[in-house]
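**Q** Need coordinates for the below:
(chains A, B, C and D)
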Protein chains: 2
Amino acid sequence: MARKLKAGPRSGCPVSMSLDLLGDRWSLLIVRDVMVRGYRTFREFQQSGEGIATNILADRLDKLEQGGVLARERAADDGRSTHYRLTPKGIALAPVLLELLIWGARHEPTDAPCAVIDQMEQDRAGVLAETYRRWEQRDPVPLLPPFKTGKKTHARPNSPKGRNKR
Amino acid sequence: MARKLKAGPRSGCPVSMSLDLLGDRWSLLIVRDVMVRGYRTFREFQQSGEGIATNILADRLDKLEQGGVLARERAADDGRSTHYRLTPKGIALAPVLLELLIWGARHEPTDAPCAVIDQMEQDRAGVLAETYRRWEQRDPVPLLPPFKTGKKTHARPNSPKGRNKR
DNA sequence: CTTATAACTTGCAAAATGCAAGTAAACTCT
DNA sequence: AGAGTTTACTTGCATTTTGCAAGTTATAAG
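**A** Numbering: from 1, shown residues only, chains lettered A, B, ... in the order given. Below you'll find the predicted structure:
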């Protein structure tokens, strides 16, 4: 198992190549878990609330490792446990994930609080800088906890200034 | 046909919700085709070089329309032809696609010329502004043509200034 | 030494995908 | 006007991927 989704690359387009590795329902969620929630172990991914099956999780972890996005390392304190960590290539997905998060929060009914999205949208650079810092320093404190309110909303910006301004 | 991949939303996380709609190998490629290449018709998507099967293409077009990303309109000049167009929700995916393109070009061997990637990375706002303008004005001229050189390279920035700076 | 825990495998049914062929409606050509 | 072409899909079927439940192995804890 743990084979590529299909034999190969479809075209030389960067978007296409990216999707060869990440274009499925689970891969980017795993990256999200490790990047913003500080998850490291198989167990944590499994219990992250999305309901991924263990065989699929194992398969995706393999593919992400083979794709150079994740690295496995044996836990120092517990010989049973494996820690997954983002590689430089993996942490470089931060902008993709940030934009996907903002898009989802703006256009789908989610549990993300408006204020949080507004703040992230108005300070992308700051959010990314903090994400990179956490990665470099191996800071496991979640940048964002799992959103778990009940009421799902379409977050709209409360102050229109700053939109489309990078 | 044309049903959701599974029954439903897994969590209230915006990334997860986004992936419910876009998390597969084809959906974002269709969005790319219509956004940056100016493709509008079934035929064009089909022949875009990625090799999507017609039944899958039809299914994804349905899902993207139901998801509010694409809109169908009957072509004015040819009654057989349907034109697909991005909705406001669809064009709002531009930052996601841009970041995915940059990531792919930097970290996977692609056909994208370094110079083009460098320029896009250093002027994200300009690229996005032009993308929005093309959409508003229904300008069908491709923003980027399909990359079709032979030699695949990892594009690295030739000038390190500007990295991670928004 | 027994039990628990972490990280996976395995088997199998169900769903999604890929491929080739077929179809209906709208045009074009003669 | 009739024949052939083009566009946008369907349909059938084999293959692949997914999801679910249960099982396995290697540590660790009591």
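**Q** show me where chain A has helices.
**A** Secondary structure of chain A by DSSP state H: the helices cover A:14-22, A:27-32, A:42-46, A:54-66, A:88-91, A:94-107, A:114-122, A:124-136.
**Q** what does the domain assignment say about chain A?
**A** Domain assignment of chain A by automatic domain parsing yields the ranges A:1-87, A:93-166.
**Q** rank these by pLDDT, which is bottom?
**A** Mean pLDDT across the domains of chain A is lowest at domain A:93-166; the value there is a mean of 86.
**Q** hang on, the earlier thing: now render the helices of chain A as TSV, adding mean neighbour count and distance to DNA strand C.
**A** For the C-beta atoms, the positions are set from N, CA and C on the backbone; glycine is no exception. Listed next are the helices of chain A as TSV, based on neighbours: other C-beta atoms under 10 Å in any protein chain shown; distance: least, C-beta to the nearest atom of the strand, whole Å:
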stretch	mean neighbour count	distance to DNA strand C
helix A:14-22	25	11
helix A:27-32	24	12
helix A:42-46	16	3
helix A:54-66	17	4
helix A:88-91	18	16
helix A:94-107	24	19
helix A:114-122	16	29
helix A:124-136	15	19
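**Q** got the ones you listed as TSV, with distance to B:Gly49 columns?
**A** What follows is the helices of chain A, written out as TSV (distance: least, C-beta to C-beta, whole Å):
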stretch	distance to B:Gly49
helix A:14-22	9
helix A:27-32	23
helix A:42-46	35
helix A:54-66	24
helix A:88-91	25
helix A:94-107	23
helix A:114-122	34
helix A:124-136	32
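**Q** send the alpha carbons of stretch A:21-32 over as CSV?
**A** This file holds the C-alpha atoms of stretch A:21-32, laid out as CSV (Å, rounded to 0.1, in the frame of the first residue of the first chain):
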residue,chain,number,x,y,z
LEU,A,21,0.4,15.3,-3.7
LEU,A,22,-2.2,17.2,-1.8
GLY,A,23,-5.4,16.9,-3.8
ASP,A,24,-7.5,14.7,-1.6
ARG,A,25,-9.8,15.1,1.4
TRP,A,26,-7.2,14.3,4.1
SER,A,27,-3.7,15.4,3.3
LEU,A,28,-4.1,19.1,3.9
LEU,A,29,-6.1,18.4,7.1
ILE,A,30,-3.2,16.5,8.4
VAL,A,31,-0.9,19.4,7.5
ARG,A,32,-3.3,21.7,9.3
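**Q** Of all the helices of chain A, which one is nearest B:Thr87?
**A** Taking C-beta to C-beta, helix A:94-107 is the member of those nearest to B:Thr87, at 9.5 Å.
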